[in-house]
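>>> show me the folded form of this:
(3 chains)
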Amino acid sequence: MKSIYRLKKNSQYNYVYKHAESVADKNIVMLYCKSHSNPTKVGFSVSKKFGKAVRRNRIRRQLKAAVSSVITQVANGYNVVFIPRCREEFVFDDLRQSVVKLFTKSGLMQ
RNA sequence: AGAGACAGUCGGACGGUUGCGUGGGGCAACUCACGAGGAAAGUCCGAACACCGCAGAGCAGAGUGCAGGCUAACGGCCUGUGGAGGCGACUUCAAGGAAAGUGCAACAGAAAUAUACCGCAGCGGCAACGCUGUAAGGGUGGAAAUGCAGGGUAAGAGCCUACAUACGUUUUGGUGACAACGCGUACAUGUAAACCCCACUCGGUGCAAGAAAUGAGAUAAAAUGCUUGCUCGGCAUCUCGACAAAUUCGCUUGACGCUAUCGGUAACGAUAGUGCUAGACAGAUAACCGUCUAAUACAGAACUCGGCUUACAGACUGAACUCUUGCA
RNA sequence: GCUACUAUGGCUCAGUCGGUAGAGCACGUCCUUGGUAAGGACGGGGUCACCGGUUCAAAUCCGGUUAGUAGCU
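Predicted coordinates for the structure are as follows:
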């Protein structure tokens, strides 16, 4: 995923947390809000409940790969934050399906 | 054959599709190279480096504590000494001072740093008991005058002797810790990871340190500031300033790794050759498959090194290592 | 990344310069009342987060581990 799609500043995250609407299923919570950024920007947040750094990194990477496969089909002008829900293990296909599901549910899919 | 002890190594490899970070090439499309660990972890020590209008003195405070060596330095490492453990190979120890002083030692016990309860013996007394001597025996306790044997005695006692133990000391050996032999003494317990004494070390803060460029602005006060406390001394008087946001440097060639030779018991050092091996800033090193295989452990860099501590599936190596059993 | 601190009964806390762990609330039984509350009496409940060390003796002193909290950013 290229760096233009990424959410970078702490303040941007805070803005999303304050003003966002949320969609969720059993795997992921997705927060999104409108912004002026032209390609839609995406951020990830994995909490310390998931375990130590290796495990959190793996979950973040899987999520990142799932999102980057569909990022080109998403409408412009949004900031999005993904938060995975507490699980033992994630299967990549499940993650990908729920990402697609959440995008269509929130109406961001073109 | 079984059971151990010591010192180390590795801790996945290859291929496909789609991607990410840094650097190089290219106008661009694109392409080439490299891309987590032995602990990257804990942040427990030590440095390097940077800043604090030079860090000066004293007190306070903190740390270390057998000897010699190694190291940039260390609370680290090596080799020894002494104690403890093991049949042994070997392991392990915050291992200075209790005769400088102070504190503490509950309960039990007659008595806890000082003592006579029972007992033993002598004297007095009809007796009950009293006075005196005594630490061999009793019970208490973690700790009660050195343990045991013989002599000695009214009963006893290092009071005397042999052996042992502890301390001091002459000589000899060793750089030294210390050891051996001889001589003398028996000086009333433990605790310093209680205060303390002695010797040595320590200014503070940490890359979110800081530097540069751009620079909206604020301030003109006699006191304020100078980065753990207090006192003295010294210095400065123009500076402050990135705030929910932003750039470049610091940033990776280093007390570096590997190989060989030499010196050293070793830690380590010297010389020669050779290699360049992450450098991000919401933070790359991945996602999905296939083959091999025993391949599944613990675990993810954020300024950098040297250690320590903690976690760890499995695989393997070395030195004529040790013990037990069997056979020759 | 850096720096401090905490862990004691079901809950909130004392005890922290060593000597066998307490208070309040809660819980149980009894008294009191026509009954309940309040009040009174008695009682139960703790490997002092975990693992080692120093000491005769550790909640306390020293080292390590695990959770959690706060601050800088």
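>>> residue A:32: neighbour count?
Residue A:32: 24 surrounding residues under other C-beta atoms under 10 Å. Placement of C-beta: from N, CA and C, glycine included.
>>> got it, and residue A:80?
Residue A:80 has 25 nearby residues by other C-beta under 10 Å.
>>> tell me the pLDDT of the residue lying farthest from the centre of chain A.
For chain A, the largest distance from the centre (C-alpha atoms, centre = their mean) belongs to residue A:52, which lies 20.5 Å off. As predicted, residue A:52 sits at a pLDDT of 76.
>>> cool, and residue A:38?
On the pLDDT scale, residue A:38 gets 67.
>>> please enumerate the strands of chain A.
A:21-24, A:28-34, A:41-44, A:78-84 (DSSP state E).
>>> check which helices and strands the third one is in contact with.
Read that as strand A:41-44. Judged by 3 or more C-beta pairs under 8 Å, 6 or more residues apart in numbering; DSSP states H and E, strand A:41-44 is in contact with helix A:10-19, helix A:53-68, strand A:78-84.
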